[in-house]
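**Q** Dropping a prediction and its sequence here:
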Amino acid sequence: LSGSDTECNDDFFQIATALSHPIANIVIIREPTNHLLVEKLASERALASFPTALCLLQTPTAELDVYLKQAGYLDTEIMHAMAMEIATMAGGEAPDSFTLKEVHGDQHDEWVDTMSVGYELPREFIDRIGPASGGPCNPHSDEKYHYFIAYHQDQPVATSTLLVRQGIVGVYNISARPECRGKGLGTFVTRESIAQIASHGYETAILQASEMGRSIYERIGFTSVGTFPFYFHNGEMR
């Protein structure tokens, strides 16, 4: 992501779209041991009129956790960092009448529309990460993006994105339209998208999962290798 509403360096990334979803205004901090940096960024966002998600890539100290809650970051979610050796991925059958297709820039709008509804994120935000978005602002030479749409009777119902870097497959943007949930789509889209590029010789896949979603990925073969927190501020000054 790039633009006038983003800021990025080796210590943190933040975007402030002012859209009405916390993920569209996320702050990601690499080292929460840097209390001054966390407190600065968190306190600035606590004054904003839009919701914010604050992601710390390591478990914070009890002192910092107390500070964030006092600043109005009351809702938290523990995320699992998960990994799998692709050769050990469990097999399985696709749900009835579902297929998965890799798509490119000419199907940008279809992917964005499906992802936006499935992830319940503003379309304006998803439009910036779709197949025609051009990838990151500072791409690495060995970085590759693969976008997928799952179809049911020719209708797009789910998405995924694979980001391959240094031979490791990162799994992102697993979404399913609300009316199609509970049918094994998350499992299917994850497993099938990895399977479609496994022939390139990649060995390891990684992803992030909520506590609720962890069991889905464990059935495929992923295991949790650590956790990190998301804090949420609703944008209301306290």
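**A** Structure received. What you see is a predicted model, and the numbers here were worked out from it, not measured in a lab.

**Q** How much space separates residue 202 from residue 226?
**A** According to C-beta to C-beta, to the nearest Å, residue 202 stands 21 Å off from residue 226. Heads up, the C-betas are built off the backbone N, CA and C, glycines and all.

**Q** The two: which is more packed in?
**A** Taking other C-beta atoms under 10 Å, residue 202 and residue 226 do not tie; residue 202 has more neighbours (15 against 12).

**Q** and the gap between that one and residue 77?
**A** 29 Å.

**Q** Strands of the chain, residue ranges please.
**A** Ranges of strands within the chain are 6-8, 12-15, 26-29, 52-56, 75-85, 98-103, 144-152, 155-165, 168-176, 204-210, 223-233, based on DSSP state E.

**Q** and among those strands, the most buried is which?
**A** Sort those by mean neighbour count, taking mean count of other C-beta atoms under 10 Å, and strand 52-56 sits at the top with a mean of 23.

**Q** Can you tell me the strand partners of it and which way each runs?
**A** Partners of strand 52-56 in the sheet, by DSSP bridges, are strand 26-29 (parallel), strand 223-233 (antiparallel).

**Q** Can I get it in PDB, CA atoms only?
**A** C-alpha atoms of strand 52-56 as PDB (Å, rounded to 0.1, in the frame of the first residue of the first chain):
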ATOM      1  CA  THR A  52      -8.300   2.000  14.200                       C
ATOM      2  CA  ALA A  53      -6.700  -1.500  14.400                       C
ATOM      3  CA  LEU A  54      -3.400  -1.700  16.100                       C
ATOM      4  CA  CYS A  55      -1.300  -4.800  15.400                       C
ATOM      5  CA  LEU A  56       1.800  -5.500  17.500                       C
END
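
**Q** what's that strand in contact with?
**A** Residues outside strand 52-56 that contact it (C-beta atoms under 8 Å, 6 or more residues apart in numbering) are 22-23, 25-29, 32, 38, 41-42, 45-46, 68, 73, 79, 228-233, 235.

**Q** what's the angle between that strand and strand 204-210?
**A** 130 degrees (axes from the mean of the first three to the mean of the last three C-alpha atoms, to 10 degrees).

**Q** change the start of the numbering to 6 and stick with it
**A** That works, and once the first residue is 6, the last one we named lands at strand 57-61.

**Q** got the angle for strand 57-61 vs strand 80-90?
**A** Calculated by the same axes, to 10 degrees, strand 57-61 forms an angle of 50 degrees with strand 80-90.

**Q** Identify the residue nearest residue 24 in space, chain neighbours excluded?
**A** Using C-beta to C-beta, 6 or more residues apart in numbering and skipping residues adjacent in sequence, the residue nearest residue 24 is residue 127, 4.5 Å away.

**Q** Count the residues that sit near the one you found.
**A** The number of residues packed near residue 127 is 15, by other C-beta under 10 Å.

**Q** contacting residues for it?
**A** 22, 24, 25, 26, 29, 121.

**Q** now for the strands of the chain, which one comes closest to residue 68?
**A** The closest of those to residue 68 is strand 57-61. By C-beta to C-beta, the value is 13.3 Å.
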